[in-house]
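**Student:** The following block contains a protein sequence and its predicted model.
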Amino acid sequence: MLPWKRVLRPLAALLLTAVVAVVPATTAQAAGTAAASSWGSPQLERSRELGGGWNDYSCKPSAAHPRPVVLVHGTFANSVDNWLGLAPYLMNRGYCVFSLDYGQLPGVPFFHALGPIDKSAEQLSVFVDKVLAATGAAETDVVGHSQGGMMPRYYVKFLGGAAKVNALVGIAPNNHGTTLAGLTNLLPYFPGAEDLLSTATPALAQQVVGSDFMTKLNAGGDTVPGVRYTVIATRYDEVVTPYRSQFLTGAGVKNVLIQDLCAIDISEHAFLGLTDRIAFHEVVNALDPARATPTTCASVIG
């Protein structure tokens, strides 16, 4: 274990607990000032709608890349900032790329994926239909980071997504619940934190190992026939712990540990999805396995 990881785990847990305590107050304050907030400006909303250059609904998939790619952000993230690295990377390789915001709390801008995960999956369902209608494609490929790599499994399994998703690629996905870097052990020491976790930020409570949501999601097996699954994980993940809980079992599954491809890659949970071009190269391999090329440390300059 890297020395800094011993420090990051408890700090991450304390940070998450603090955020849970702050979110309700932020929600109330933001709701009262929404009209004056810069987040409500038409210019900024338009910029976010365009996704920083992607979300181009005139984009038509090519013969080489016949399916649009839908990017699904993680907890506390949003449709733009989570994908400032990967979206251009895919666009430069000829993909039609789209991303959505989901799991919003009323009056809370910027920090999303906090609402009930089953409701977020319904938002994804609507968005996928919109993308397919615009592009004329029959199926999409979905790439998600953290919660965004797991939530689409609910869509695929329970909301008819299996007929519309060819491949699901999870980057550091929380597939079987997490200790949240020790948060579940620390919660009893923070009076009222467990109630806040469930009522103020349902998605956090649902992602804890052993939750009712996780039990339902994984009952009867991890996968659904007809969908190709890829999981890209890092052994230095301090959020989805233990990191091997991210891996799936079943037909059509490829589990990848990034350090098996590049031993000196020390990306942790966030950087794996935000900036790691070695992981990005493996995403492209998962989207187009027929043209896959070896992923190595040199892929960082590819």
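**Tutor:** All right, it came through fine. Numbering: from 1, shown residues only.
**Student:** Quickly note the distance from residue 271 to residue 297.
**Tutor:** In this view, residue 271 and residue 297 are 15 Å apart by C-beta to C-beta, to the nearest Å. The C-beta positions use only the backbone N, C-alpha and C, and glycine is treated the same way.
**Student:** When those two are compared, which one has more neighbours?
**Tutor:** Residue environment comparison for residue 271 versus residue 297 gives the larger neighbour count to residue 271, 16 against 12, counting by other C-beta atoms under 10 Å.
**Student:** Tell me the helix or strand right after the helix or strand where the more buried one lies.
**Tutor:** Residue 271 is part of helix 269-274, with elements assigned from DSSP states H and E. Secondary structure here is assigned by DSSP H and E; on that basis, the next helix or strand after helix 269-274 toward the C-terminus is helix 277-287.
**Student:** which residues sit against that following helix?
**Tutor:** The set of residues external to helix 277-287 that reach it, using C-beta atoms under 8 Å, 6 or more residues apart in numbering, is 65, 67, 69, 85-86, 89-90, 93, 95, 141, 143, 167, 169, 171, 228, 230, 232, 254, 256, 258, 261-262, 265, 267, 272-273, 292-293, 295-297, 299-302.
**Student:** Only whichever of these are buried, select them in ChimeraX.
**Tutor:** A single ChimeraX command is used to select the members of the contacts of helix 277-287 judged buried by 16 or more other C-beta atoms under 10 Å:
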select :65,67,69,85,86,89,90,95,141,143,167,169,171,228,230,232,254,256,258,261,262,265,267,272,273,295,299
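**Student:** now, which of the contacts of helix 277-287 lie within helices?
**Tutor:** If you go by DSSP state H, those have 86, 89-90, 258, 261, 272-273 in helices.
**Student:** For the stretch 1-150 of the chain, just list every one of the strands.
**Tutor:** Counting by DSSP state E, counting those that start in this stretch, residue ranges of the strands within the stretch 1-150 of the chain are 69-72, 97-100, 140-145.
**Student:** export those to CSV and tack on mean pLDDT?
**Tutor:** Compiled in CSV, the strands of the stretch 1-150 of the chain are given as follows (pLDDT from 0 to 100):
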stretch, mean pLDDT
strand 69-72, 98
strand 97-100, 98
strand 140-145, 98
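**Student:** closest to residue 57 out of those?
**Tutor:** With C-beta to C-beta as the measure, strand 97-100 is the member of these nearest residue 57 (8.1 Å).
**Student:** tell me what the closest one is packed against?
**Tutor:** strand 69-72, helix 86-91, helix 117-135 (3 or more C-beta pairs under 8 Å, 6 or more residues apart in numbering; DSSP states H and E).
**Student:** Just the residues contacting the second one, thanks.
**Tutor:** In other words, helix 86-91. Counting by C-beta under 8 Å, 6+ apart, the neighbours of helix 86-91 from elsewhere in the structure are 51-54, 69, 71, 97, 99, 143, 273, 277, 280, 283-284, 287.
**Student:** switch to 10 Å and redo it
**Tutor:** Among residues not part of helix 86-91, those counted as contacts by C-beta atoms under 10 Å, 6 or more residues apart in numbering are 51-56, 59, 65, 69, 71, 79-80, 83, 95-99, 141, 143, 145, 171, 273-277, 279-281, 283-284, 287, 302.
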